[in-house]
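> Show me how the following folds:
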Amino acid sequence: MQSLDAPEVRGEDEHVGSRALLGATGAYALVGTLALAAFGTLPAASETGTQVVTWFREHGGLVRWGVWAFTVAAPPFALMVALLRRLIPAPHRDMFLIGAVSYMTAIAVWTWTWAGLALHADQLEPATARAILDVAVFFGPVLTGSTTTMMAPVTLLALSRQPRIPRWLGLLGLVAFVEQAVETITIFGSTGFTQPGGAMNMQLGGGLTLAWILAFGFWGGVRGRIPRGRAVQH
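Sure thing, here's the model as predicted:
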């Protein structure tokens, strides 16, 4: 059996339908949606410490359910990435993998912070809550580095002259990539739509990123093709 990292040779790509990839994508979609629903509308960077404390006292239980859902979502997402990586040639697959791993890591760190604030919400002091949340809200602005790293190689392949990935996925990736690149300005925001951790990060950017990830996963499970010359495990 050839190594998965064996050099590619010319020839037609081999179609590989993957029930495992479809299942992992479906599981990630379900659990990820549950996580987002549990968190709901998050406190903004412009809110006072007192408002933050009130929010956590009212939503502490839901936050912990949301953290649980994000934790459970990690294995299916990892399986998605492992299977999707097979469909991409080098060096694109390695850049995609680096972006995906850093994406998972950032989500894990973000959830630690929220779970910690929710654990003893009845004992939170306003100044402490605001200071800790100020660290957590920069999850969205900094995550754009991971998402663009993950999207760029796949999008370039889809928009190339001889695409091995459908152009519609490339166009979706281009829209999401541009939005994520513009979204880096939230690092400098403080209020409104462009504040860190605000609507541009969590609703617009988060929605586009999730849509791209799921579209890539479902396409890969139904119509993905492994480059000829790479091993196929049965």
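> just checking, next helix/strand downstream of the helix or strand bottoming out on mean pLDDT in the chain?
None of the helices or strands of the chain scores lower by mean pLDDT, DSSP states H and E than strand 14-15, at a mean of 50. Next helix or strand after strand 14-15 toward the C-terminus (DSSP states H and E): helix 19-39.
> counting contacts, what elements does that next one pack onto?
helix 49-85, helix 206-223 (3 or more Cβ pairs under 8 Å, 6 or more residues apart in numbering; DSSP states H and E). C-beta here means a position set from N, CA and C on the backbone, and glycine is covered the same way.
> Same list, these, but as TSV with mean neighbour count, distance to Leu97 and mean pLDDT please.
Shown next, in TSV, are these (neighbours: other Cβ atoms under 10 Å; distance: least, Cβ to Cβ, whole Å; pLDDT from 0 to 100):
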stretch	mean neighbour count	distance to Leu97	mean pLDDT
helix 49-85	18	6	96
helix 206-223	19	13	94
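> for those, which one sits closest to Val31?
Among the helices and strands packed on helix 19-39, the nearest to Val31 by Cβ to Cβ is helix 49-85 (4.3 Å).
> Could you check the angle that closest one makes with helix 19-39?
Counting by axes from the mean of the first three to the mean of the last three Cα atoms, to 10 degrees, helix 49-85 lies at 180 degrees to helix 19-39.
> what's the spacing between the closest residue to Leu62 other than its chain neighbours and Ala131?
For Leu62, ignoring the flanking residues on the chain, the nearest one in space by Cβ to Cβ, 6 or more residues apart in numbering is Ala38 at 4.8 Å. Applying Cβ to Cβ, to the nearest Å, the value for Ala38 to Ala131 is 24 Å.
> Compare these two (neighbour count), which wins?
Ala38 (18 against 12; other Cβ atoms under 10 Å).
> residues contacting that one?
Ala38 sits next to 62-63, 65-66, 69 when contact means Cβ atoms under 8 Å, 6 or more residues apart in numbering.
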